[in-house]
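# Give me coordinates for this.
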Amino acid sequence: MQISGGLQLSGGINLVPGGSSPTPDPYVFQGSNYGYASGGSGGGVLQTAINKFSFSSDSNASDVADLFVSFNNSAGQSSNNSGYASGGHSPSYTNIIQKFTFTIDGNSTDVGDLTITRKGPAGQSSSESGYSSGGSAPPYDDTIDKFPFASDGNATDVGDITLAREKSAGQSSTSSGYTSGGLAPPFVNTIDKFPFASDANATDVGDLAHNLFLSAGQSSTTSGYSSGGRPAPSSTIQKFSFSSDGNATDIGDLTVARDDMAGQSSTASGYSAGGADNDKDTIDKFPFASDSNATDVGDLPVASSSLSGQQY
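Coordinates of the predicted model:
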């Protein structure tokens, strides 16, 4: 609880002196407190764990709760108060939207459905809604689904990405969602962008430096990032600008070449947790302020791949 011109309660609510109504804090996609890696596969077994690690100090993650049902290949979304995992494989394709709270460690609940069952969608988050773009239904899909954060409910189909594909990386600016790379097939380098302010199709605004799928997506306030991926396990960290449409550049490397990780974004750094080329437990961290390589800052409790990422 903090007093600075008003009373701030946990959960992002400000009470302003003088009896005015509570107002929510401005939404920021990046987290200040914790990163989450949820679900996935470890040792060939579907996982239910919601793993949590600190942004303020480098340390291992801990298993703090469980998903409503075990998932891998889900999309991850984050509101101010809750994390979401949507779609995926469990072990058949699913359309379930799961939600868990950030303020209290607890299990997820089933809060709605995507418009179609699919695995491998990319996740994006605006201030008001979560998005799942692309995936495999099968066949490969181009749907952009949108679901509300303010109330639990089903998603609606609000547009299409430019190319039907799965296992792309998702990034979020304050105004737009991005879907980068993916498996069409073949592997593609397309960076798609769609607006949050209106429901509309995506446009192709640039290319990754390499054709990749199964990369992790991260977002600073100014740039989108894509880390790792396939066809051969990659260590590359790529970066593209939110302020102007254009291609990505190779700015550094993860500590271990791998794919199928969960991506998280703090206010200062991008994280890649877990991954495959055999299951990994590595949590890598790279800075947003300068272009450089990642460092290994901790481990997941169980070596896992195909996780979804969230942040608070």
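
# in the stretch 151-300 of the chain, which spans are strands?
Taking DSSP state E, counting those that start in this stretch as the test, the strands found in the stretch 151-300 of the chain are 156-160, 169-172, 176-183, 187-195, 203-207, 216-219, 223-229, 234-241, 249-258, 262-265, 269-273, 280-287, 295-304.

# and the last one, what does it pack onto?
Using 3 or more CB pairs under 8 Å, 6 or more residues apart in numbering; DSSP states H and E as the contact definition, the elements that strand 295-304 packs against are strand 41-42, strand 49-54, strand 62-66, strand 249-258, strand 280-287. C-beta here means a position set from N, CA and C on the backbone, and glycine is covered the same way.

# Who are the packing partners of the following helix or strand past it?
Where DSSP states H and E defines the elements, the next helix or strand beyond strand 295-304 is strand 308-311. Judged by 3+ CB pairs under 8 Å, 6+ apart, strand 308-311 is in contact with strand 34-38, strand 75-78, strand 82-89, strand 262-265.

# so which of the ones you listed gets nearest residue 194?
strand 75-78 (14.3 Å; CB to CB).

# quick one: the closest residue in space to residue 77 that isn't next to it in sequence and residue 39, what's the gap?
Take residue 77 and drop its neighbours on the chain: the residue closest to it by CB to CB, 6 or more residues apart in numbering is residue 130, 3.4 Å away. Distance, residue 130 to residue 39, by CB to CB, to the nearest Å: 16 Å.

# Now do the closest residue to residue 187 other than its chain neighbours: how many residues are near it, please.
Once flanking residues are discounted, residue 187 sits nearest to residue 211: 4.1 Å by CB to CB, 6+ apart. Using other CB atoms under 10 Å, residue 211 has 18 neighbouring residues.

# same check, this time on residue 210
Residue 210 has 17 neighbouring residues, counting by other CB under 10 Å.

# ok, it - contacts?
Residues near residue 210 by CB atoms under 8 Å, 6 or more residues apart in numbering: 189, 229, 234, 236, 238, 250.

# didn't residue 173 look like it was pressed against residue 224?
Yes - assessed by CB atoms under 8 Å, residue 173 is found in contact with residue 224 at 7.3 Å.

# quick check, distance from stretch 61-71 to the centre of its chain.
16 Å (CA atoms, centre = their mean, to the nearest Å).

# if we can go back for a sec, and the residue nearest to residue 77, what does it touch?
Listed by CB under 8 Å, 6+ apart, the contact set of residue 130 reads 77, 79, 84, 86, 97, 123-124, 146-147, 149.

# need those in JSON lines with pLDDT, neighbour count and distance to residue 301, can you?
Shown next, in JSON lines, are the contacts of residue 130 (pLDDT from 0 to 100; neighbours: other CB atoms under 10 Å; distance: CB to CB, whole Å):
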{"residue": "77", "pLDDT": "98", "neighbour count": "28", "distance to residue 301": "23"}
{"residue": "79", "pLDDT": "98", "neighbour count": "23", "distance to residue 301": "25"}
{"residue": "84", "pLDDT": "98", "neighbour count": "26", "distance to residue 301": "21"}
{"residue": "86", "pLDDT": "98", "neighbour count": "30", "distance to residue 301": "23"}
{"residue": "97", "pLDDT": "98", "neighbour count": "28", "distance to residue 301": "25"}
{"residue": "123", "pLDDT": "98", "neighbour count": "29", "distance to residue 301": "22"}
{"residue": "124", "pLDDT": "98", "neighbour count": "29", "distance to residue 301": "27"}
{"residue": "146", "pLDDT": "98", "neighbour count": "23", "distance to residue 301": "33"}
{"residue": "147", "pLDDT": "98", "neighbour count": "24", "distance to residue 301": "29"}
{"residue": "149", "pLDDT": "98", "neighbour count": "20", "distance to residue 301": "28"}
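
# Which two of those residues have the greatest separation?
Distances among the contacts of residue 130 were taken as CB to CB; the most separated pair is 97 and 124, at 14.0 Å.

# ok, what's across the strand from the residue nearest to residue 29 when sequence neighbours are not counted?
Nearest non-adjacent residue to residue 29, counting by CB to CB, 6+ apart: residue 172, 4.9 Å away. Legend: beta-bridge partners of residue 172 under DSSP bridges are residue 177.

# where does this structure dip in pLDDT?
Under the criterion pLDDT under 70, the flagged ranges of the chain are 1-25.

# Could you rerun that using 80?
Scanning the chain for pLDDT under 80 picks out 1-26.

# ok, residue 300 touching residue 275?
No - Residue 300 sits out of contact with residue 275 when judged by CB under 8 Å, with a separation of 9.7 Å.

# where do the contact lists of the two overlap?
residue 282.

# These two: which has the busier surroundings?
Using other CB under 10 Å as the criterion, residue 300 and residue 275 rank with residue 275 on top: 32 against 27.
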